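> Pasting a predicted model and its sequence here:
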Amino acid sequence: MTTRNTLISTVGTSLFYPNLANLPDAAGYETWLAKQPAREREHLTCERVSALAMAYRERDPATIARALVALPPTTRLCGAEINSIADLMAHDYCEPGSTLYFCSSQTGDGQLVAQILGHYYGLRGVAVRIETIPDLQDEDPKRFRTKGLRNLAKTVCRIIRGHGAPWCAINATGGYKAQIAIGVLMGQALSVPVYYKHERFSEIIAFPPMPISLDHQLWMEHSRSRAFIATAPGR
């Protein structure tokens, strides 16, 4: 099995909602801690949780990243992206030093989460590239459908074309459901393995191969055609 060295991840906001947004103050710490997985409680000290809560209130990505690095990456509080990437590495689906691409929405929260991930993996000595996808937002459904999802598909295609499909993998765990769907579709079409982890899964899973193919060079050349718009997801 080829070990991939380029991982493309869709980015959502589960790190914020519900994780960091629901962090307790000192008075509510014990009640909050009792609701966390038993195996994680020893790491979730009052000091660490308080520091993370303060960093979140300040909305400073570097400070939040430093607070998260103090926790094991498998801790649920770290969010879907960090949890799933840790699982990918643990199963040798990607090399530990893989280049990480984070494809985020153009929303304020989406971009902030991507910045946090950039700082987090930078502290761990991992190469990171942030891709903010134009028009991938939730204020204008039509723009999301006709431009945002198409821009996401083009970005994923460009990254895979640049690094080579045999060396890429897609982590379609975070983000809008439609964002995840595009990640799955592009991976299947370009013969790139696609992984997903639900918060209740004990481990990450790979999507089974499907009979889908795509001439990505031809598609990139004609991706603005009416034919693509007519078959865009949600049409």
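That came through fine.
> Which stretches in this structure count as helices?
Using DSSP state H, the helices of the chain run over 29-34, 46-58, 61-69, 80-90, 108-123, 141-143, 149-163, 177-189, 216-221, 226-230.
> Quick one: closest of those helices to residue 99.
Comparison of these against residue 99 by Cβ to Cβ identifies helix 149-163 as nearest, at 7.8 Å. Heads up, the C-betas are built off the backbone N, CA and C, glycines and all.
> The closest one packs against which elements?
Judged by 3 or more Cβ pairs under 8 Å, 6 or more residues apart in numbering; DSSP states H and E, the packing partners of helix 149-163 are strand 4-10, strand 94-104, strand 168-171, helix 177-189, helix 216-221.
> taking the ones you listed together, which one is wrapped up most tightly?
strand 168-171 (a mean of 28; mean count of other Cβ atoms under 10 Å).
> Neighbours of residue 112, how many?
18 (other Cβ atoms under 10 Å).
> can you tell me how far the residue nearest to it when sequence neighbours are not counted sits from residue 102?
Beyond its immediate neighbours in the sequence, the residue positioned closest to residue 112 (Cβ to Cβ, 6 or more residues apart in numbering) is residue 61, lying 6.1 Å away. With distances taken as Cβ to Cβ, to the nearest Å, residue 61 is found 12 Å from residue 102.
> Now for those two: what residues contact both?
Shared contacts of residue 61 and residue 102 (Cβ atoms under 8 Å, 6 or more residues apart in numbering): residue 118.
> before we move on, back to that, I'd like the helices of the chain laid out as JSON lines, including distance to residue 208 and mean pLDDT.
Shown next, in JSON lines, are the helices of the chain (distance: least, Cβ to Cβ, whole Å; pLDDT from 0 to 100):
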{"stretch": "helix 29-34", "distance to residue 208": "38", "mean pLDDT": "96"}
{"stretch": "helix 46-58", "distance to residue 208": "37", "mean pLDDT": "95"}
{"stretch": "helix 61-69", "distance to residue 208": "32", "mean pLDDT": "97"}
{"stretch": "helix 80-90", "distance to residue 208": "17", "mean pLDDT": "93"}
{"stretch": "helix 108-123", "distance to residue 208": "28", "mean pLDDT": "97"}
{"stretch": "helix 141-143", "distance to residue 208": "31", "mean pLDDT": "94"}
{"stretch": "helix 149-163", "distance to residue 208": "19", "mean pLDDT": "94"}
{"stretch": "helix 177-189", "distance to residue 208": "9", "mean pLDDT": "88"}
{"stretch": "helix 216-221", "distance to residue 208": "21", "mean pLDDT": "59"}
{"stretch": "helix 226-230", "distance to residue 208": "26", "mean pLDDT": "39"}
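> Tell me which of the ones you listed lies nearest to residue 201.
helix 80-90 (8.8 Å).
> Report the angle between that closest one and strand 4-10.
If you take axes from the mean of the first three to the mean of the last three Cα atoms, to 10 degrees, helix 80-90 sits at 160 degrees to strand 4-10.
> And helix 80-90, what's buried?
For helix 80-90, the buried set under the neighbour-count rule, 16 or more other Cβ atoms under 10 Å, comprises 80, 81, 82, 83, 84, 85, 86, 87, 88, 89.
> and the most far-flung residue of the chain relative to its centre, how far is that from residue 33?
Centroid-distance maximum for the chain: residue 27 at 32.6 Å, with Cα atoms, centre = their mean. In this view, residue 27 and residue 33 are 12 Å apart by Cβ to Cβ.
> can you check residue 4 too?
For residue 4 relative to residue 33 (Cβ to Cβ), the value is 37 Å.
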